[in-house]
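Trainee: just need the structure, nothing else, for what follows:
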Amino acid sequence: MSRKNAFTLIELLVVIAVIAVLMAILMPALSRAREQGKRVACLNNLGQMMKGWIMYADESNDKIVAANPQLNEGWVRYTSSATTQEKINGIRAGFLFRFCPEVKLYKCPTGERGEVVTYAVTDAMNGYNGIPGTKDLMVYRRIQIKRADERIVFLDEGRLSPNSWTLWYDQERWWDQITARHGDGTNFGFADGHSEYWKWKDPRTVDVAKADYTVWQNTTRNGADSYSYGNEDLHRVQRGVWTKLGYTPAARP
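Mentor: Numbering: from 1, shown residues only. The predicted structure is shown next:
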């Protein structure tokens, strides 16, 4: 009588242990690969948005689209009380939709559930003009932009607020939160049409990005925790938005 071959209990346990070890090794790599894929998709979205932004100016006598979503002529139209469908309608009613007619382009793949727009335009690009010291730095026509490959237009804000994205010029501090996406960094769209990923180097930047949104909006950004002395991440973003710093940077504490 022949006897069927079979695994012993010990052999099964060894196989299971080997599989577990392999999974432990592979899962982080797979997670990083998925995140990199989302980063590339987000960069592509921003690249398409920038092409639309440039085309709008080309057809509007060099004027750039309004950065404030609350304005009728804004790049999108949005209010904080809008439902998901109203946000989608706001994309379609925005002045960029003719050039970027795919709703999915307006959201990063890692965006929050229920959001349909995660990108924002900076104040400097025809946005809020009340930031101290920035009167002569505001851009309303493309011809005003020097070193277009260094000027930030769009960024991945994480959620769309009913305003353009605000950043101090004459103070070493954040106002609106920066985001930490795709491995603690953020994607940007630049005035020459390209998009870029910036990895944060200062842990304080990540702390700002991961702070509770409601607490930041209502409390933190008005207090000492919004200051980030000697933070090269902050300096880099401020230069990208305003072309230069309106203060002498402090030494990092």
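Trainee: now find how far off-centre stretch 106-119 is within its chain.
Mentor: In terms of C-alpha atoms, centre = their mean, to the nearest Å, the centre of stretch 106-119 is found 10 Å from the chain centre.
Trainee: next, give phi and psi for residue 171.
Mentor: Per-residue torsions, residue 171: phi -140, psi 150 (degrees, to the nearest 10).
Trainee: run a quick neighbour tally on it.
Mentor: Using other C-beta atoms under 10 Å, residue 171 is surrounded by 17 other residues. (Glycine included, C-beta is placed from N, CA and C.)
Trainee: just residue 211 next, same as before
Mentor: Neighbourhood size, residue 211 [other C-beta under 10 Å]: 18.
Trainee: quick check: closest non-adjacent residue to it.
Mentor: residue 220 (6.0 Å; C-beta to C-beta, 6 or more residues apart in numbering).
Trainee: correct me if wrong: the one you found contacts residue 213.
Mentor: No. Residue 220 is beyond contact range of residue 213, at 10.0 Å (criterion: C-beta atoms under 8 Å).
Trainee: same drill for the two, tell me which one is more crowded.
Mentor: Counting neighbours by other C-beta under 10 Å for residue 220 and for residue 213 shows that residue 220 has the greater number, 18 against 14.
Trainee: wait, residue 146 sits on residue 244?
Mentor: No. With contact defined as C-beta under 8 Å, residue 146 does not reach residue 244; the gap is 11.2 Å.
Trainee: give me the common contacts of these two.
Mentor: Counting by C-beta atoms under 8 Å, 6 or more residues apart in numbering, residue 146 and residue 244 have no contacts in common.
Trainee: helices along the stretch 1-150 of the chain, start to end?
Mentor: 9-58, 84-93 (DSSP state H, counting those that start in this stretch).
Trainee: residue contacts, residue 86?
Mentor: Going by C-beta under 8 Å, 6+ apart, residue 86 touches residue 79.
Trainee: got any ranges where the protein has weak pLDDT?
Mentor: 1-7, 11, 22-36 (pLDDT under 70).
Trainee: make it 90
Mentor: The chain contains residues with pLDDT under 90 at 1-39, 78-84, 109-115, 157-163, 181-183, 251-253.
Trainee: who does the residue nearest to the spatial centre of the chain bridge with?
Mentor: The chain has residue 156 as the residue nearest its centroid, 1.4 Å off, counting by C-alpha atoms, centre = their mean. Applying DSSP bridges to residue 156 gives these bridge partners: residue 119.
Trainee: and the residue nearest to residue 211, how close does it get to residue 57?
Mentor: Here the criterion is C-beta to C-beta, to the nearest Å. By it, residue 220 lies 36 Å from residue 57.
Trainee: ok, now residue 13?
Mentor: Distance, residue 13 to residue 57, by C-beta to C-beta: 66 Å.
Trainee: same thing with residue 151?
Mentor: For residue 151, the distance to residue 57 (C-beta to C-beta) stands at 13 Å.
Trainee: again with residue 242
Mentor: With C-beta to C-beta as the criterion, residue 242 and residue 57 are 20 Å apart.
Trainee: kindly report the same for residue 143.
Mentor: Look at residue 143 and residue 57: by C-beta to C-beta, they are 9 Å apart.
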